[in-house]
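Peer 1: One predicted model, sequence on top.
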Amino acid sequence: MHATPGRIPGRPRRLATTLALAVGLAATGCSVDDGGEAAATVPAGEELTIGFVNGNSIEFHTCLQRSMQARADRAGVELLTANSAMDPAKELSNIDDMIVKRVDAIVVQTVNIDSLEGGINRANRAKIPIFLTSVASVDQSKILGAVVTDVEKVGRELGAWLVEDSGGEAVEVGIVGGAPGAAADLMNDAFKQSLGDSVEVVFDQPALWQRAKAQDVAENLLQAQPGVSYIFVHNEDMAFGVLAALKAAGRDDIKILTNGGSAAGIEAISAGDIAVTVSNTPKSIGEMAIDNVVGLLRATPGTKKIVNVPETLVTRENANEAPPYCS
């Protein structure tokens, strides 16, 4: 995918009250019509241009961008895109570039929510609202809104599944995490807290969202803790790296728990290579992001500031009912 040509830098803003709308909206779950006073920042007849700063180029991110582009085209919205390649400094530069192009809003699939504050502050000073995908900032008064994956719920659901699957027997679990940061930490902590006394976490190491790194980490896990019965992997791309390590070691007795819902992931579940995943698809995230940004900018009644992505626990039993992952 490539970026659509941007509008001329310095083009006047249509209205300067965009941030006021974001700040005036209530927190999670509240709509633009809750207070009855919210004014549209971009009238219905005027064209919208939205900037999208993506965080990476793995399948999740490419599907997210494809979904947003399809929804934007359908809504008659111009979408400008940039990719931060997992670099917080590049993310900040991309946000600056969108500010120069005077977009109506910037959607960010952030590299790391902890390092995004500077970008949010710069956009706020320029009176351009920020909308987040997958995670929300701690200070929600500084953003237009967010489409959020409830990572704590993901962790709890997978932990509860493990407890039920193990039947109360004493088992060991290893964790192959993403990258240290708010989202991964929240999911990890929720997973651990949902485990009963019979389940012991004996290994926990990040693989930085990289499949090859996850394979290396899994190899180390098997050498250090050969008695594990389960491995919790923070996303499906890394899960395939873990699966490669298990197959190379002849360890088909270990069950993989993960997060994603991709076509390849569902196929692996159907084949018995992955035991369970939580599906929260980029297709849904992208569609909801465009819908909500447009709704919030136009102050469409009923549009929520923060919305959660639908999630489905997928096992071999219901794999044929998994929602589509990509547009």
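Peer 2: Perfect, I can see it now.
Peer 1: Low-confidence regions, the stretch 51-200 of the chain specifically.
Peer 2: Scanning the stretch 51-200 of the chain for pLDDT under 70 picks out 138.
Peer 1: And the helices in it?
Peer 2: 59-75, 88-100, 117-125, 151-166, 182-193 (DSSP state H, counting those that start in this stretch).
Peer 1: Show me where the stretch 101-250 of the chain has its strands.
Peer 2: 105-108, 130-134, 145-148, 171-177, 199-206, 230-233 (DSSP state E, counting those that start in this stretch).
Peer 1: so what strands line up beside the fourth one?
Peer 2: This means strand 171-177. Looking at strand 171-177 with DSSP bridges, its partner strands are strand 199-206 (parallel), strand 230-233 (parallel).
Peer 1: hmm, who's touching stretch 214-221?
Peer 2: Residues outside stretch 214-221 that contact it (C-beta atoms under 8 Å, 6 or more residues apart in numbering): 174, 176, 203, 205-207, 228, 231, 233, 237-242, 244-246, 248-249. Backbone N, C-alpha and C define where each C-beta goes, glycine included.
Peer 1: go with 7 Å
Peer 2: Residues outside stretch 214-221 that contact it (C-beta atoms under 7 Å, 6 or more residues apart in numbering): 174, 176, 203, 205, 207, 228, 231, 233, 238, 241-242, 244-246.
Peer 1: cool, stretch 194-201 as well?
Peer 2: 155-156, 159-160, 162-163, 166, 168-173, 175, 192.
Peer 1: one step back: looking at the strands paired with strand 171-177, which is buried most?
Peer 2: Mean neighbours per residue, mean count of other C-beta atoms under 10 Å, is largest over the strands paired with strand 171-177 for strand 230-233, with a mean of 27.
Peer 1: rewinding a little: and the helices of the stretch 51-200 of the chain: which comes nearest residue 319?
Peer 2: Residue 319 lies closest to helix 151-166 among the helices of the stretch 51-200 of the chain, at 14.3 Å (C-beta to C-beta).
Peer 1: re the thing from before, adding mean neighbour count and distance to residue 222, write the helices of the stretch 51-200 of the chain out as CSV.
Peer 2: Putting the helices of the stretch 51-200 of the chain into CSV (neighbours: other C-beta atoms under 10 Å; distance: least, C-beta to C-beta, whole Å) gives the following:
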stretch, mean neighbour count, distance to residue 222
helix 59-75, 20, 26
helix 88-100, 19, 32
helix 117-125, 17, 39
helix 151-166, 19, 18
helix 182-193, 19, 20
